[in-house]
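> What shape does this take:
(one chain, ligands or ions: 3)
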Amino acid sequence: METLTIRRPDDWHLHLRDGDMLRLVAPQSHHFARAIIMPNLVPPVVTGAQAAAYRERVITAGFAQPLMTLYLTEATDPADVVAAYKAGVITAVKLYPAGATTNSASGVRDIEAVRPVLAAMEEAGVPLCIHGEVTDREIDIFDREATFVDRTLAPLRNAYPELKITSEHVTTKEAVDFVRENKNIGATITVQHLMANRNDMLAGGMRPHFYCLPILKRSTHQEALREAATSGDPKFFLGTDSAPHPTHAKEATCCAAGCFTAPIALSCLAHVFEEEGALDKLEGFTSLHGPAHYGLEPNEDTVTLTKGAALDLPEEIEAHGQTVTLFDPGHPLHWSVA
Ligand SMILES: NC(=O)N[C@@H](CC(=O)O)C(=O)O
Ligand SMILES: [Zn+2]
Ligand SMILES: [Zn+2]
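Ligands and ions are numbered 1, 2, ... in the order given. Prediction:
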């Protein structure tokens, strides 16, 4: 039997939601030690005090080591951000262009309005996580990330050269190249963007459980992501972007964006890395590069993955009156976590 033992992974981009959905999904990330918890609740997590309170709810729900983030708005107080960071309440701040994705309405419309916060973060060493898509109606949805790189990310990089940036869930060759070529910037890559491309979502019928933002791109971009993830380059690391929505909100005339991947993330990644002949690079991607980017130590404990018969996975997970559909790559998975 084939086995692989690696340092215990962390998830550098995770949505745990709140209330009953939080109670359902928090235990589903148990393979991971730490996770960056995204702040796009309704209402969003905008102050240090709200992040501290949310952190307690996450721990109570069953995820022991959450790393909290603040949702950047045009009203964010630079002093509150720096105080929360110095007190160890938050690990990073998240920039959502207003309207770019789920619960982003309170995000940033005009970068000019948040310059004082960005300058204070650069000065204090607070990392900035970015959902990198423009929101202009006239920009094609498949071009929104590449356009953001040119119009927003490159100028930000130049204006705040010491600001530590995480380009979240990169989905294009353009974003991968930008991250490679610039300093003080790393990127998370999701499970679904490594496993799938837009054909999986759209050819032969529209599959809502593949719909997420940034949207799945053509296969050449998927190949660029696979190359980056399996290359051993420490700038690229796992952020599952596991983003649960109730099944009824996914299977709807206006489908919510997000794939719920957390329970099978490691099985999917072992599959991808094996296909790429790069199982020896899996540990770096899941367990070493992320901590290094955030200036943290890797986890001391390990997990062991085992290859065997095809996994028998549930289609849905139900608890606390909530139902979520598990991401299904469309083919069997053989790796499981012991
Ligand atoms: N990725 C998604 O498609 N959805 C995320 C938001 C995000 O990470 O952009 C969500 O919160 O549902
Ligand atoms: Zn996002
Ligand atoms: Zn996300």
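
> Would you mind listing what in the chain touches ligand 1?
The chain comes close to ligand 1 at residues His15, Asn40, Thr101, Thr102, His131, Cys212, Leu213, Asp241, Ala243, Ala257, Gly258, as judged by CB under 6 Å from any ligand atom. Quick note: C-beta positions are derived from backbone N, CA and C, even for glycine.

> okay, now the last one: neighbour count?
To tie it back to what came earlier, the one meant is Gly258. Gly258 has 23 neighbours, counted by other CB atoms under 10 Å.

> And it, what's its pLDDT?
We have a pLDDT of 98 for Gly258.

> wait, isn't it in contact with Phe210?
No - in terms of CB atoms under 8 Å, Gly258 does not count as a neighbour of Phe210; the distance is 10.6 Å.

> Would you point out which residue of the chain is nearest ligand 2?
Closest residue of the chain to ligand 2, CB to the ion: His131 (3.6 Å).

> Tell me how far the closest residue to that residue other than its chain neighbours lies from Gln65.
Closest residue to His131 apart from its sequence neighbours, by CB to CB, 6 or more residues apart in numbering: Tyr96 at 5.0 Å. Remark: distance between Tyr96 and Gln65 (CB to CB, to the nearest Å) = 24 Å.

> hang on, the earlier thing: farthest pair in the residues of the chain next to ligand 1?
Asn40 and Cys212 (13.4 Å; CB to CB).

> re earlier: hmm, Val46 and the residue nearest to His131 touching each other?
No - under the criterion of CB under 8 Å, Tyr96 makes no contact with Val46, lying 11.5 Å away.

> between those two, who's got more neighbours?
Per other CB under 10 Å, whichever of Tyr96 and Val46 has more neighbours is Tyr96, with 27 against 20.

> Phi, psi for the more buried one please.
As for Tyr96, its main-chain torsions (degrees, to the nearest 10) stand at phi -110, psi 120.

> cool, Ile90 as well?
With angles defined as degrees, to the nearest 10, Ile90 sits at phi -120, psi 160.

> and what of the one 4 residues further on?
Lys94 has phi and psi values of phi -110, psi 130 when expressed as degrees, to the nearest 10.

> check contacts around it.
Lys94 makes contacts with Met38, Pro39, Asn40, Thr69, Leu70, Tyr71, Leu72, Leu128, Cys129, Ile130, His131, Glu168, as judged by CB atoms under 8 Å, 6 or more residues apart in numbering.

> and the fourth one, that one's in a strand?
Read that as Thr69. Yes - assessed with DSSP: H, G, I helix; E, B strand; the rest coil, Thr69 lies in a strand.

> hang on, the earlier thing: am I right that the residue of the chain closest to ligand 2 is in contact with Thr102?
No - with contact defined as CB under 8 Å, His131 does not reach Thr102; the gap is 9.8 Å.

> In the stretch 101-250 of the chain, mark out all the helices, start to finish.
115-124, 144-148, 154-159, 173-181, 191-195, 198-202, 219-230, 247-250 (DSSP state H, counting those that start in this stretch).

> Report the buried residues of the shortest one.
Translated: helix 247-250. Thr247, Ala249, Lys250 (16 or more other CB atoms under 10 Å).

> Now stretch 1-11: average pLDDT?
Averaging pLDDT along stretch 1-11 gives 96.

> Identify all contacting residues around that stretch.
Contacts of stretch 1-11 (CB under 8 Å, 6+ apart): 29, 31-36, 238-240, 242, 262, 265-266, 270, 279, 282-283, 286-288, 290-291, 298-308, 335, 338.

> Buried among those? Need that as a selection in ChimeraX.
Here is the ChimeraX command that picks out the buried ones among the contacts of stretch 1-11, judged by 16+ other CB under 10 Å:
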select :29,31,32,33,34,35,36,238,239,240,242,262,265,266,270,279,282,283,286,287,288,290,291,298,299,303,305,307,335
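
> Narrow the contacts of stretch 1-11 to those in strands?
Judged by DSSP state E, the subset of the contacts of stretch 1-11 located in strands is Arg34, Ala35, Ile36, Leu238, Thr302, Val303, Thr304, Leu305, Thr306, Lys307, Trp335.

> ok, so of these, who is nearest Gly107?
Distances from Gly107 to those, taken as CB to CB, are shortest for Ile36 (17.2 Å).

> for the record, mean pLDDT for stretch 318-337?
For stretch 318-337, mean pLDDT is 98.

> Likewise for stretch 293-303?
Mean predicted confidence for stretch 293-303 is 98.

> Also stretch 109-117?
Across stretch 109-117, pLDDT averages out at 98.

> Also stretch 33-45?
For stretch 33-45, mean pLDDT is 98.

> Pull out the C-alpha coordinates of that stretch and format them as PDB.
Presented in PDB, the C-alpha positions along stretch 33-45 are these (Å, rounded to 0.1, in the frame of the first residue of the first chain):
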ATOM      1  CA  ALA A  33      -4.200  22.600  12.000                       C
ATOM      2  CA  ARG A  34      -4.600  26.300  11.400                       C
ATOM      3  CA  ALA A  35      -6.700  28.200   8.900                       C
ATOM      4  CA  ILE A  36      -7.000  31.800   7.700                       C
ATOM      5  CA  ILE A  37     -10.700  32.500   8.400                       C
ATOM      6  CA  MET A  38     -12.300  34.800   5.900                       C
ATOM      7  CA  PRO A  39     -14.400  37.700   7.300                       C
ATOM      8  CA  ASN A  40     -17.200  38.000   4.700                       C
ATOM      9  CA  LEU A  41     -20.000  37.300   7.100                       C
ATOM     10  CA  VAL A  42     -23.300  39.200   7.000                       C
ATOM     11  CA  PRO A  43     -22.600  41.700   8.500                       C
ATOM     12  CA  PRO A  44     -18.800  41.500   7.800                       C
ATOM     13  CA  VAL A  45     -16.100  41.300  10.500                       C
END
